[in-house]
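Trainee: For reference, the sequence and a predicted model appear below.
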Amino acid sequence: MKRLLPILVALWLPYQASARPNILLILTDDLGYSDLGCYGSEIETPVLDRLAAKGLRFSHFYNTAKCHSSRVSLLTGRWCRQAGDESMKRAVTIPEILRPAGYFTAMSGKWHLSKEPTDFGFERFFGHLSGSCNYYKGDRTFRLNGQPWQVPDAGFHTTVTKTDFALRFLKEAREAEKPWFLYLAYNAPHAPIQPLQEDYERYRDRYLQGWDEMRRQRVAKQRELGLLDATVRAAPRPDHIPAWDDLSEETRAWESRRMAGYAALIDRVDREIGRLVADIENAGELDNTLILFFSDNGACPYDRRTIGSDLPPWDPATKWTDSTGWAWARNTPFRFYKQNQFEGGVATPALVHWPAGIKARPGAIDHTPAHLVDVLPTLLAVTGTTSPATFPGREPAPLAGVSLAPVLAGEKLPSRPPIHFLHHMDRGLRDGDWKLVSFRSGPWELYHLGNDRTELNNLAAEHPDRVRAMATEWHRMTRDVLLAPAAEQKPVVDQAKPQIHPEWSEYRAK
């Protein structure tokens, strides 16, 4: 038996390695809740729609409402401040756990954190360290495996080139005969709005109908898909956004072009994911590849300085910025936007595809509240790995997330700790169906999302005890768990102010 044991172990280990799933983690940038076909959009996203139809969608999936903090939570399983912000000095990342476990770890895309991905467990990296860049010209922060990479003068588009390198890294992983973890972080559809011409032409005249009609159509499709039931009332158009028909003809023409640009960027993301999925399928890996798709926050409303609105958006000299009106429509059926902790800022598409591992009914929509901090614990569960309690040069804090493996198995998720929201002065806490939220340190508002998913009926005056209890818990977590700066721990103000922002769009009327 002693002589047989080494032989059995030698046979067992390769089997275990081959049984572990490959992992493709995709993150988009500023994608609104309804921006995919499978979440209500008219934008053509057949690849993601097909993955959703054969996989699992979440209807209550959350992020941090901001680019960099969502990336921290996704990679570490901790709240951003808790992890040490961009430095991640109080955390350990997914690749730092999976690489010692035998995974080939690679990233292509936007980093937006401290140092470089190759300093945090990634064996391969292509992309930019910056938070945004020109889609055609890139910027000086592009790196390839830790070395500066010169953006070519022609034949470059961030969405396409990131996919090119992702495919290259998958080839290297297969040559190494290892299971792989690939993190693909597109900067689309983040501004500047610079689509490929061929993509833009497909949508050029599609949005002349305007945002009121587009939102109406998206709500209807969401009900048809089962994302919303008949009792959910879509949030009405806010006062800071005019009716489409009240805009000047010049403004309507400009705004329809802007939305065509958004749509083209999203369409291209789907096409590039299609290239990846085809490659994985051709390699015979699709059945045991866990594909996860998320967005870092809701649609962006910040209408900063546009350059070249009279030029085609595929001209690299242009810099089309965001539109508050379209952000409202893209976040259908919710209120508010990126950086706000209302559902429009923090609730975005989330889908999972893994034929060999998901036992839930194909195409199911799960209404379990979940967050980006749950991704790392889920990957620990499905790969049989553990997060280290110690790590050289860092002091890892406890994980904030919970494993979603029971949901993938078609089971109910046990009760979870409250979901904490914080971006500077925008705050929130979800505990079960109750959600406490503050707009830029304004008075706490209270909503029961089980009865009021779109946050239209503020119950704070009717349940002052619940407001106090949840506010106390929010402050406790902010102080003791997140270790947030003192400025972010200050009490909210008592007096309500108009819920507006100086960088939201101002529109020309007729």
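Mentor: Noted; the coordinates are in hand. Predicted model, so just to flag it, every value in this text is computed and none were measured.
Trainee: Extract the C-alpha set from the host helix or strand of Glu201 and format it as PDB.
Mentor: Following DSSP states H and E, one finds Glu201 within helix 197-203. This file holds the C-alpha atoms of helix 197-203, laid out as PDB (Å, rounded to 0.1, in the frame of the first residue of the first chain):
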ATOM      1  CA  GLN A 197     -16.900  54.100 -37.100                       C
ATOM      2  CA  GLU A 198     -18.500  50.900 -38.100                       C
ATOM      3  CA  ASP A 199     -20.100  50.500 -34.700                       C
ATOM      4  CA  TYR A 200     -21.300  54.100 -34.600                       C
ATOM      5  CA  GLU A 201     -22.900  53.900 -38.000                       C
ATOM      6  CA  ARG A 202     -25.200  51.100 -36.800                       C
ATOM      7  CA  TYR A 203     -26.700  53.300 -34.200                       C
END
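Trainee: Which elements pack onto the next helix or strand after it?
Mentor: Next along the chain after helix 197-203, taking DSSP H and E as the criterion, comes helix 211-225. If you count contacts as 3 or more CB pairs under 8 Å, 6 or more residues apart in numbering; DSSP states H and E, helix 211-225 packs onto helix 249-282, helix 324-330. Glycine gets a C-beta too; all of them are placed from N, C-alpha and C.
Trainee: Is Phe165 in a helix, a strand, or coil?
Mentor: helix (DSSP: H, G, I helix; E, B strand; the rest coil).
Trainee: Which helix or strand contains the nearest residue to it once chain neighbours are set aside?
Mentor: Nearest residue to Phe165 in three dimensions, chain neighbours excluded: Phe126, at 3.7 Å (CB to CB, 6 or more residues apart in numbering). Assigned by DSSP H and E, Phe126 belongs to strand 124-128.
Trainee: List the contacts of the helix or strand just after that strand.
Mentor: Next helix or strand after strand 124-128 toward the C-terminus (DSSP H and E): strand 142-144. Residues outside strand 142-144 that contact it (CB atoms under 8 Å, 6 or more residues apart in numbering): 116, 125-129, 148-151, 165.
Trainee: And those, which of them are buried?
Mentor: 116, 125-129, 149, 151, 165 (16 or more other CB atoms under 10 Å).
Trainee: got a list of what the residue nearest the centre of the chain touches?
Mentor: Residue closest to the mean C-alpha point of the chain, counted by CA atoms, centre = their mean, is Ser295 at 1.6 Å. Neighbour list for Ser295: 27-32, 63, 348-349 [criterion: CB under 8 Å, 6+ apart].
Trainee: wait, isn't Asp246 in contact with Gly325?
Mentor: No: counting by CB atoms under 8 Å, Gly325 is not a contact partner of Asp246; they are 11.2 Å apart.
Trainee: Look at the two and report which has more neighbours.
Mentor: Taking other CB atoms under 10 Å, Asp246 and Gly325 do not tie; Gly325 has more neighbours (29 against 12).
Trainee: how does this structure divide into domains?
Mentor: The record's domain parsing of the chain by automatic domain parsing lists 22-408, 419-489.
Trainee: Give me the distance from the last one to the chain's centre.
Mentor: What that stands for is domain 419-489. Mean-position distance between domain 419-489 and its chain equals 21 Å (CA atoms, centre = their mean, to the nearest Å).
Trainee: on that earlier part again, please identify the most buried of the domains of the chain.
Mentor: Most buried of these, by mean neighbour count (mean count of other CB atoms under 10 Å): domain 22-408, with a mean of 20.
Trainee: Need the distance between the two termini of that domain.
Mentor: Domain 22-408 has an end-to-end distance of 16 Å (criterion: CA to CA, to the nearest Å).
Trainee: coming back round to it: tabulate the domains of the chain in JSON lines, adding columns for distance to His501 and mean pLDDT.
Mentor: Converted to JSON lines, these look like this (distance: least, CB to CB, whole Å; pLDDT from 0 to 100):
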{"stretch": "domain 22-408", "distance to His501": "7", "mean pLDDT": "97"}
{"stretch": "domain 419-489", "distance to His501": "8", "mean pLDDT": "97"}
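Trainee: Would you reformat the ones you listed as a markdown table and include distance to Ser505?
Mentor: Shown next, in a markdown table, are the domains of the chain (distance: least, CB to CB, whole Å):
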| stretch | distance to Ser505 |
| --- | --- |
| domain 22-408 | 4 |
| domain 419-489 | 18 |
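Trainee: Determine which of the ones you listed approaches Glu506 most closely.
Mentor: domain 22-408 (7.7 Å; CB to CB).
Trainee: Work out the gap between the closest one and the centre of the chain.
Mentor: That offset, for domain 22-408, works out to 4 Å (CA atoms, centre = their mean).
Trainee: Could you pull up the contacting residues of the nearest residue to Leu227 once chain neighbours are set aside?
Mentor: In this structure, Leu227 finds its nearest non-sequential neighbour in Ser59, 5.3 Å apart by CB to CB, 6+ apart. Ser59 makes contacts with 227, 365-367, as judged by CB under 8 Å, 6+ apart.
Trainee: Dump those residues to TSV, plus secondary structure and distance to Arg430.
Mentor: Below are these laid out as TSV (DSSP: H, G, I helix; E, B strand; the rest coil; distance: CB to CB, whole Å):
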residue	secondary structure	distance to Arg430
Leu227	coil	18
Ile365	strand	19
Asp366	strand	16
His367	coil	13
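Trainee: any idea how far Ala360 is from Leu225?
Mentor: Distance of Leu225 to Ala360, computed by CB to CB, to the nearest Å: 16 Å.
Trainee: ugh, typo on my part, it should be Arg174
Mentor: 29 Å.
Trainee: Next: Met214.
Mentor: From Met214 to Ala360 the distance is 31 Å (CB to CB).
Trainee: residues contacting Ala191?
Mentor: 30, 132, 300, 304, 319-322.
Trainee: at 6 Å instead, please
Mentor: 321-322 (CB atoms under 6 Å, 6 or more residues apart in numbering).
Trainee: same thing with Ile94?
Mentor: So Ile94 contacts 75, 376 (CB under 6 Å, 6+ apart).
Trainee: ok, which stretches of the stretch 51-200 of the chain are helices?
Mentor: With DSSP state H, counting those that start in this stretch as the criterion, the stretch 51-200 of the chain has helices at 67-76, 80-83, 94-98, 158-175, 197-203.
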